[in-house]
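In: Show me how the following folds:
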Amino acid sequence: MTPDDRQVQVLFEAAKAVQANAYAPYSHFHVGAAIRTRSGAVFTGANMENAAYPQGVCAEGGALSAMVTAGEREIAEVLVIGPEGDHLTTPCGGCRQKIREFAQLDTPIHVAGPEGVRRSFTMAELLPESFGPAHLGV
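Out: Presented below is the predicted three-dimensional model:
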């Protein structure tokens, strides 16, 4: 196992662990996310639904909030794990934009199921022609 494989495995295990804590009483669609920052720190989040549907939080949003709360600002890698099934659970459009705020276009985004990583994308592949902080002159 290469160092890169080990880092992805750490993200997979972290996301899978928090996926079990997801609060999804309406959709029953449990998602976990793990973010590794440039410093090597790992932050996790699980989705949390609410009876007022738009008030929920995606797993990626939870992980991003933990990352920002800890003072981190540069994403090196992301892993999102969804439930069983053949589909890919990629970040939603809103989460793609939130991730882009802290990620470079070549940042890897891994999509996993219970058995492991199913596919990896770059930020640019998931959000082509994206709008980021550089467009605002920051």
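In: now the strands for the chain?
Out: Per DSSP state E, the chain has strands spanning 32-37, 42-46, 75-81, 108-113, 116-122. These are given in chain order.
In: Would you mind giving those as TSV with mean neighbour count added?
Out: Where C-beta positions appear, they are placed from N, C-alpha and C, glycine not excepted. Below are those laid out as TSV (neighbours: other Cβ atoms under 10 Å):
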stretch	mean neighbour count
strand 32-37	26
strand 42-46	23
strand 75-81	25
strand 108-113	21
strand 116-122	15
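In: dump the residue contacts of Gly116.
Out: Contact partners of Gly116, counting by Cβ atoms under 8 Å, 6 or more residues apart in numbering, are Phe12.
In: can you pull the pLDDT of it?
Out: At Gly116, the pLDDT value in this model is 97.
In: measure it to Phe12 for me?
Out: The gap separating Gly116 from Phe12 is 6 Å, by Cβ to Cβ, to the nearest Å.
In: neighbours around Cys95, how many?
Out: When neighbours are defined as other Cβ atoms under 10 Å, Cys95 has 23 of them.
In: Quick one: residues contacting it.
Out: Neighbouring residues of Cys95 by Cβ under 8 Å, 6+ apart: 58, 60-61.
In: Can you show me the helices along the chain?
Out: Ranges of helices in the chain, per DSSP state H, are 3-19, 59-69, 93-100, 123-126.
In: Quick check: closest non-adjacent residue to Lys16.
Out: Ile81 (5.6 Å; Cβ to Cβ, 6 or more residues apart in numbering).
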